[in-house]
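Colleague: just need the structure, nothing else, for what follows:
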Amino acid sequence: MQLKSYVCKFLLYLYLFSAFFLQAQEKYQLKTFTTDNGLPHDFIQSIVQDQLGFIWIATWDGLSRFDGYEFKNYYHKPGDTTSLPFFSTDKVLVDKQNQVWLFCQGRPVVFLNRAKDCFTPFQKTPFQLSHLSDIALGPDQNMWLTDGEFLYKLNVDDFLISKFSIKKDTNQLTDNEGSVPQIAFDNKAGIWIYCWH
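Modeller: Residues are numbered from 1 along each chain as shown. All right, here's what the predicted structure looks like:
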């Protein structure tokens, strides 16, 4: 009889507990945006929000800044070094200084000059960084870049760059010809380089 009492109390607590959490859930509204709403392209590569609340969207045909109401688009203009370095933007990142960085594969990394509303190539480095395959913002809030041969750590506070060699696995089962090295971080801040074709 006492077991039945415990089971009833358990079920009552479970019911009250679940009812509380079901009521506490927030309701979200889903809205879809396309080129009809002002995006430069419907194929999106990367999305990030800056500290001012702007949503930055890297697409197959340019970069878009969304303020919650409308899109402001940035495009590649051949011959204009202050525009995007290429029409397809692969990744947009925002660092702890609220600096917007843009990566177009195989092109120099650029950052947004907010005062002039244009892009500036990152050139404060003794290393040639024009054939990069990926950039990532690490758990240490520094920018990490790779070209497949080296890994570069960009300190966003002072723009100092450290260069690390990547030791390749000689026991690979597949040929990496044509592969694109990418950067990932695990939950212990370990850095991983992986390749996709």
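
Colleague: what ranges do the strands span in the chain?
Modeller: Counting by DSSP state E, the chain has strands at residues 44-49, 55-59, 62-66, 71-74, 91-94, 100-103, 110-113, 118-121, 134-137, 143-146, 150-154, 161-165, 180-185, 191-196.

Colleague: can you pull the contacts of residue 33?
Modeller: With contacts defined as C-beta atoms under 8 Å, 6 or more residues apart in numbering, residue 33 is in contact with 39, 66, 71. Backbone N, C-alpha and C define where each C-beta goes, glycine included.

Colleague: run through the bridge partners of the residue nearest the centre of the chain.
Modeller: Residue closest to the mean C-alpha point of the chain, counted by C-alpha atoms, centre = their mean, is residue 93 at 4.9 Å. Residues in a beta bridge with residue 93, per DSSP bridges, are residue 101.

Colleague: look up how far residue 100 lies from it.
Modeller: The spacing between residue 93 and residue 100, counted by C-beta to C-beta, to the nearest Å, is 8 Å.

Colleague: then residue 80?
Modeller: Distance from residue 80 to residue 100, by C-beta to C-beta: 18 Å.

Colleague: and these two? which has more neighbours close in?
Modeller: residue 100 (20 against 11; other C-beta atoms under 10 Å).

Colleague: surely the more buried one and residue 111 touch.
Modeller: Yes. Applying C-beta atoms under 8 Å as the test, residue 100 and residue 111 come out as touching, 6.4 Å apart.

Colleague: on that earlier part again, in a markdown table: the strands of the chain, plus distance to residue 27.
Modeller: Output for the strands of the chain, formatted as a markdown table (distance: least, C-beta to C-beta, whole Å):
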| stretch | distance to residue 27 |
| --- | --- |
| strand 44-49 | 21 |
| strand 55-59 | 20 |
| strand 62-66 | 22 |
| strand 71-74 | 25 |
| strand 91-94 | 28 |
| strand 100-103 | 31 |
| strand 110-113 | 34 |
| strand 118-121 | 38 |
| strand 134-137 | 31 |
| strand 143-146 | 36 |
| strand 150-154 | 40 |
| strand 161-165 | 46 |
| strand 180-185 | 33 |
| strand 191-196 | 37 |
